[in-house]
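In: My questions concern the predicted model and sequence given below.
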Amino acid sequence: MKTVLRTITMAFVFLLFFNTFTYAQAANELYQFSTINALLQGVYDGELTIKDLKKQGSFGIGTLNGLDGELIGLDGDYYQVKANGDVLKLTDDAKIPFATSLTFKSDRAAQLHDSDYENLQKSLDQMKNDTNYFYAIRIDGVFTKVLTRAIPKQDRPYKPLAEAAKEQHVFELNNINGTVIGFWCPQYINGINVPGYHLHFISEDRKFGGHILTASLQSGKVQMSRIHAFHMELPQGTSEFGTAALNKDYSKELKAIEQ
């Protein structure tokens with residue numbers, strides 16, 4: 001009997017250790033739903049829900065079905081920044097056509113002061129070990145200026161993202177506390193995700209945010225993590241522009257949208 005109990009106890013301890021180890025390994029593994037090229041082609045509807053996205057991570061960015069504004073995941077909650085400037089906390093049934101998400105665990109940090117957007121990106125460049133990995137980025141601080149955008153919800157027949165982005169609404173706030181959430185991706189990921197920096201912002205009071213066009217940091221803490229694994233689910237939707245759109249190089253369109 002004692003032998004049986006000892007065996008059961010050891011098995012329980014092993015399972016507990018294994019599950020804890022597995023969870024630790026899951027940190028900084030990037031999950032992505034769909035591709036940036038699919039979004040550029042107008043694949044704006046997906047079946048992934050916020051509930052499902054939360055299972056993949058509590059930190060991320062993306063958009064909502066119909067290209068309805070900007071998606072921000074921070075500290076376990078997901079928010080939608082609408083084109084009218086409203087910030088909504090999303091319910092689990094909201095659906096997504098494109099998102100990147102992970103369980104964020106910083107492996108490097110720094111304090112930055114008095115940085116415009118160009119110098120901020122240079123500082124982030126110096127924190128990266130190399131340019132072959134993805135990196136997740138979080139910046140908590142006081143910003144002297146934040147310029148963001150959100151694209152209004154699109155109606156069918158959908159326009160390509162480059163056309164839809166011309167309808168973007170731009171917002172600016174000065175001297176605001178908040179958090180930058182986003183990723184840096186290497187050039188070889190072009191077409192799958194956004195090469196370079198793709199950053200969103202949400203204010204501390206959760207009343208302002210969006211896709212960052214430019215920002216100036218007064219002071220803040222930068223946390224960064226190198227992403228060592230990448231998992232992607234392909235989009236279920238189809239482009240309204242036919243299969244020829246699949247082979248198009250969207251680099252110029254993407255660069256114009258990011259500016």
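Out: Received the coordinates, thanks. It should be emphasised that the depicted structure is a prediction, and the values quoted were computed from it without experimental measurement.
In: Which residue ranges of this structure form strands?
Out: When assigned using DSSP state E, the strands of the chain occupy the ranges 29-33, 48-49, 59-63, 70-74, 77-81, 87-89, 95-96, 98-102, 108-115, 134-150, 169-185, 196-203, 209-227, 229-233.
In: Quick test: name the residue nearest the centre of this structure.
Out: Ile61 (2.4 Å; C-alpha atoms, centre = their mean).
In: who's the nearest residue to that one once chain neighbours are set aside bridged to?
Out: Nearest-residue entry for Ile61: His200, 4.6 Å, with adjacent residues in sequence omitted and distances by C-beta to C-beta, 6 or more residues apart in numbering. Using the backbone N, CA and C atoms, a C-beta is placed for each residue, glycine as well. On the basis of DSSP bridges, His200 is bridged to Ile181, His211.
In: wait, His200 sits on Gly210?
Out: Yes - between His200 and Gly210 there is a contact under C-beta atoms under 8 Å: 6.7 Å.
In: between those two, what contacts are shared?
Out: With contacts taken as C-beta atoms under 8 Å, 6 or more residues apart in numbering, His200 and Gly210 have Glu70, Val81, Thr148 as neighbours in common.
In: Report the separation between the last one and Arg206.
Out: Pointing back at Thr148 there. Noted for Thr148: a distance of 14 Å to Arg206, by C-beta to C-beta, to the nearest Å.
In: Which one of those two is surrounded by more residues?
Out: Neighbours per residue (other C-beta atoms under 10 Å) separate Thr148 from Arg206, with Thr148 holding more: 26 against 16.
In: Is the more buried one bridged to anything, and to what?
Out: Per DSSP bridges, the residues bridged to Thr148 are Phe171, Ile212.
In: That one is in contact with Leu213, isn't it?
Out: Yes - taking C-beta under 8 Å as the definition, Thr148 is a contact partner of Leu213 at 6.4 Å.
In: Overlap in contacts, those two.
Out: With C-beta under 8 Å, 6+ apart as the test, Thr148 and Leu213 both reach Val170.
In: Would you mind listing the residues in contact with Ser106?
Out: By C-beta under 8 Å, 6+ apart, Ser106 lies in contact with Arg138, Gln223, Met224, Ser225.
In: where does the stretch 1-150 of the chain have low pLDDT?
Out: Where the stretch 1-150 of the chain drops to pLDDT under 70, the residues are 1-26.
In: tally of neighbours for the nearest residue to Tyr44 once chain neighbours are set aside?
Out: Sequence neighbours aside, Leu67 is the residue nearest to Tyr44 in space, at 4.6 Å (criterion: C-beta to C-beta, 6+ apart). Here the count is done by other C-beta under 10 Å, and Leu67 has 26 residues near it.
In: Would you mind measuring from Leu67 to Lys128?
Out: Distance from Leu67 to Lys128, by C-beta to C-beta: 30 Å.
In: what do you get for Leu112?
Out: In this structure, Leu112 and Lys128 are 15 Å apart, going by C-beta to C-beta.
In: What of Phe33?
Out: 25 Å.
In: between the two, who's got more neighbours?
Out: Phe33 (25 against 16).
In: pretty sure that one contacts Lys95?
Out: No - counting by C-beta under 8 Å, Phe33 stays clear of Lys95, with 10.4 Å between them.
In: Pull up the overlap in contacts between those two.
Out: Common neighbours of Phe33 and Lys95 (criterion: C-beta under 8 Å, 6+ apart): Gly46, Leu48.
In: Now for Thr179: which residues touch it?
Out: Thr179 neighbours (C-beta under 8 Å, 6+ apart): Leu74, Arg138, Ile139, Asp140, Phe201, Ile202, Glu204.
In: surely the fourth one meets Leu217?
Out: No - in this structure, Asp140 is not within contact of Leu217 by C-beta under 8 Å, at 10.3 Å.
In: Which of those two has more residues huddled nearby?
Out: Between Asp140 and Leu217, Leu217 has the larger neighbour count (other C-beta under 10 Å), namely 23 against 15.
In: how far away is the more buried one from Phe59?
Out: For Leu217, the distance to Phe59 - C-beta to C-beta - is 19 Å.
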